[in-house]
Structures are given as C-alpha cells and as structure tokens.
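Enquirer: sharing a sequence plus its predicted fold:
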Amino acid sequence: MNTKPVAIITGASRGIGRAISLSLASEGYDIVAIARTPDSEGMHSLQPEVEKRGSAFFPIGIDIANTSLHDEAISSILERYGRIDLLVNNAGVAPIERKDLLDLTEEDFDRVTDVNLRGPVFFAKKVAREMIWMREQAKNYRPAIMFVTSFLAHASFAHMIEVCISKAGLSMASLVFADRLSEEGIKVFEIRPGIIETEMTHRGKDKFDKLIAEGVVPQKRWGTPEDVARAIASLARGDWEFSTGSVFDVSGGLNIRSF
Ligand SMILES: NC(=O)c1ccc[n+]([C@@H]2O[C@H](COP(=O)([O-])OP(=O)(O)OC[C@H]3O[C@@H](n4cnc5c(N)ncnc54)[C@H](OP(=O)(O)O)[C@@H]3O)[C@@H](O)[C@H]2O)c1
C-alpha cells in the first residue's frame, strides 16, 4: 500500500481543480488527476508542478458523466496505490449557451446534470464503498469526500436553471453522504465557491466585473482558484476533526443576504 495518502481530484486539468491538486500535493498527498482527456496541455503542465512538491501524479481520462467507466478508473487507482484517502468532486460544466428558462431543452438539462450531479453522486458512492473496505484494513486512515458545489446551489439564475438545480442537488447529496458515512468514519464536506476567475467565468467576465464593482460580492473582488484550494487544504489537513456535513462558502460574502 502507498505510504502517502492519495487524493483524487476530478476536473483537475485547469481552474479550481488544478489549484486544489497543487495545494493537496503540498499537503503531502499523491495526486490522481481526472479530466476528460489525460493528454491535454493542462494535465501535461500540472504533472511537473505536482512532482516538484514531492508527490506522485497519476492522470486519468474519463468523462465523469459516463458511469460505466467509473469501476475501471477506481480499479486502476487501487492497483497503483492500494488506497484512496480523499475524493474531491470538482469537475463541473456550465451550459454551452445560456438560455432563458423558457427555452431550456431536455438535452441542455441532461448534459449539465449528468456531469454536475449524476456522475459525481455515483462516482462518490463507489469510492465510499472502497473507503469503507480500506478503513477495516488500514491504521491511521482518515478518509474524506468533498463536493464542490456553487453559490448557485442557493441563488436563482434564470439563464442557468440546469446549473442551479444540479448544484442544489449536489449540495443535498453532500449532506446525505455525510449522514450515511459518519458511521463509517468518513467525513464529507461541501465547498461552495462564489465567483471565481477561471475559464468557466471568462465568457461572462465583463458582466461579473460590473456586478463585483457594484458590490454584489461584499469583499469586492473576484475569487481565485487558490482561495478555494486553501479551504480544501485546511479540511484535508484535519483542522476540522469535529465536523462533517458542513458547508464552506468561499465567496467573499456572496452568501450573505442583506437588506
Ligand atoms: N468558476 C466559478 O466561478 C465557479 C463558481 C462556483 C462553482 N464552480 C464549480 O467549481 C468547479 C470547477 O470549476 P472551474 O471554474 O475550475 O471550471 P473550468 O475551469 O471550466 O474547469 C472544469 C474542469 O472540469 C473538467 N471537466 C469538465 N467536464 C468534465 C467531465 N464530463 N468529466 C471529467 N472532467 C470534466 C475540465 O477538464 P476537461 O475539459 O479537460 O475535461 C476541467 O478540468 C465546477 O464544478 C464549477 O461548477 C465554479
């Protein structure tokens, strides 16, 4: 069995997932990086950065929405490392085209909810089963699962209903996983980012710049992938021993409802 703890990060090839991978490597985790292709520029450039931090790097190319590929991916991780200590369900997509709710199609809805909700729920379920088994074999094993949701889990955006619904569903998934898995000694956390500067938000940059300047975000700035990664590193370090099922907003106060 690998002597170092092993973290799986989905959506690791860029943005928030990349920053999470680097911060977990700095925390002493070996890194399993998942994205749709293992051969992207993002994955290639991530590898030496992870290795520079003294961690092993294992890229896996799967579409997280394709549940028929989950078993093989998990088996390949276990064959290589013999353990999985942490799963960060971070991969997610935005709509290809922002449409008014009244123009939403079933294809739009399925595409987003399959990646953002259905895929991560079934992937996490499979990893959880392995963690339960490993917990019985290994000593000093502190397994955890984290779900990266969104401020849109609790805010309406009429041009992104499929994102709102998928993230609200994932938020509830996090709570139910925490409930069921507490008796198995597996901690589960939800990390809820606000407006973070990545490729995902690049398209709406001008609009977000304006909203931030107008004070929508109380801390009046964009979030960075590193803001999210630092929160996850603190959870992964074990600083939150007496917590599970908790929600961590990383949004500069976007979560505050004020009158
Ligand atoms: N940016 C924000 O403001 C913001 C706010 C709230 C929540 N979030 C959430 O944070 C997470 C990361 O967002 P981000 O801004 O870093 O997005 P991003 O820059 O678009 O990165 C998304 C990552 O997910 C991977 N990915 C996409 N579809 C996938 C699939 N079907 N299977 C496996 N991997 C897939 C992408 O890699 P490939 O394309 O190579 O597959 C990429 O590594 C998402 O869940 C997002 O909803 C972001």
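Expert: In hand now; what should we look at? Numbering: from 1, shown residues only.
Enquirer: strands of the stretch 1-150 of the chain, start to end?
Expert: Along the stretch 1-150 of the chain, counting by DSSP state E, counting those that start in this stretch, strands occupy 6-10, 30-35, 57-61, 86-89, 144-148.
Enquirer: in TSV, list the ones you listed along with distance to the ligand and mean neighbour count.
Expert: Where C-beta positions appear, they are placed from N, C-alpha and C, glycine not excepted. TSV is the format used below for these (distance: least, CB to the nearest ligand atom, whole Å; neighbours: other CB atoms under 10 Å):
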stretch	distance to the ligand	mean neighbour count
strand 6-10	6	28
strand 30-35	4	25
strand 57-61	8	19
strand 86-89	8	28
strand 144-148	5	26
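Enquirer: mind putting these into CSV with mean pLDDT?
Expert: Converted to CSV, those look like this (pLDDT from 0 to 100):
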stretch, mean pLDDT
strand 6-10, 98
strand 30-35, 98
strand 57-61, 98
strand 86-89, 98
strand 144-148, 98
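Enquirer: can I get these in a markdown table with distance to Val228?
Expert: Shown next, in a markdown table, are these (distance: least, CB to CB, whole Å):
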| stretch | distance to Val228 |
| --- | --- |
| strand 6-10 | 12 |
| strand 30-35 | 16 |
| strand 57-61 | 20 |
| strand 86-89 | 10 |
| strand 144-148 | 7 |
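Enquirer: any idea which residue sits dead centre in this structure?
Expert: Taking CA atoms, centre = their mean, the centroid of the chain lies closest to Asn90, which sits 1.9 Å from it.
Enquirer: that one: what's it in contact with?
Expert: Ile9, Thr10, Gly11, Ala12, Ile16, Gly17, Ile20, Val148 (CB atoms under 8 Å, 6 or more residues apart in numbering).
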